[in-house]
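**Student:** missing the sequence, but the structure's below:
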């Protein structure tokens, strides 16, 4: 019998290796898998590459993971915000690497990994510093229908941490409004996906037309309590 409901967050994340690339869902205050981030902190994996929309706020969640010193590189779109001082200090002191990716490119690079696409051409970033590799070499470019494009590679991950609204024991997931954000594409792009949910339902209780992430892309589901997200009072 297929049953992907994990006994605990600790059990779901126990095999996370050092050096893993970890995708973390969330956009602003919506859909952040805070309990799973705390679980990764407790698990102890180090030398991580983290793929996320931003680089943390305040000193909780993603910021706490960065502060622990166990992240060597961040791939994100918005590393600096009013309260992103943890990342700022680490980056300015050379303790962490940054790969800055425009948000649309970030989503598409993740989606490409999940879809098995070897890369894609995009006009976004052409003619800027973002059209260079980290070593300073220019990325491949092409003129398509008279418009310049730059070639981008997919982003694969060893682990994806996402938050959904409901799930079943097969791992099928539905999301709550904006909490959906990066979760579906990250689940497809990772070798292992762990999803936190606020409700576990019986098989057949989820409308097939409403299932956004099929269980084939989910390896473990963890039930967590719903809490109000700080900053705006949103619940995710």
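**Tutor:** Received it, and whenever you're ready, just let me know what you need. Bear in mind the structure is a predicted one, so any value in this text is a computation, not a measurement. Numbering: from 1, shown residues only.
**Student:** confirm that residue 39 sits in a strand.
**Tutor:** No: using DSSP: H, G, I helix; E, B strand; the rest coil, the assignment for residue 39 is helix, not a strand.
**Student:** so what's it closest to, chain neighbours aside?
**Tutor:** Residue nearest to residue 39 in three dimensions, not counting chain neighbours: residue 9, with 3.7 Å by Cβ to Cβ, 6 or more residues apart in numbering. Where you see a C-beta, it was placed from the backbone N, CA and C, and this is true even at glycine.
**Student:** how many residues are close by the one you found?
**Tutor:** Counted with other Cβ atoms under 10 Å, the neighbours of residue 9 add up to 24.
**Student:** what sits against it?
**Tutor:** For residue 9, the contact set (Cβ atoms under 8 Å, 6 or more residues apart in numbering) comprises 35, 36, 38, 39, 196, 222, 224.
**Student:** how close does it sit to residue 25?
**Tutor:** 15 Å (Cβ to Cβ, to the nearest Å).
**Student:** so who does residue 40 touch?
**Tutor:** 13, 16, 22, 65, 161.
**Student:** output the contacting helices and strands for the longest helix seen in the chain.
**Tutor:** Looking across the chain with DSSP state H, the single longest helix is helix 103-115. Counting contacts by 3 or more Cβ pairs under 8 Å, 6 or more residues apart in numbering; DSSP states H and E, helix 103-115 is packed against strand 120-122, strand 147-152, helix 183-189.
**Student:** orientation of it relative to strand 147-152 in degrees?
**Tutor:** 60 degrees (axes from the mean of the first three to the mean of the last three Cα atoms, to 10 degrees).
**Student:** what residues of helix 103-115 count as buried?
**Tutor:** Going by neighbour count (16 or more other Cβ atoms under 10 Å), the buried part of helix 103-115 is 105, 106, 107, 108, 109, 110, 111, 112, 113, 114.
**Student:** just give me the closest of these to residue 83.
**Tutor:** residue 106 (21.1 Å; Cβ to Cβ).
**Student:** and the closest one, how far is that from residue 182?
**Tutor:** Residue 106 is 8 Å from residue 182, by Cβ to Cβ.
**Student:** mutual contacts of those two, please.
**Tutor:** Here residue 106 and residue 182 have residue 53 as joint contacts, going by Cβ under 8 Å, 6+ apart.
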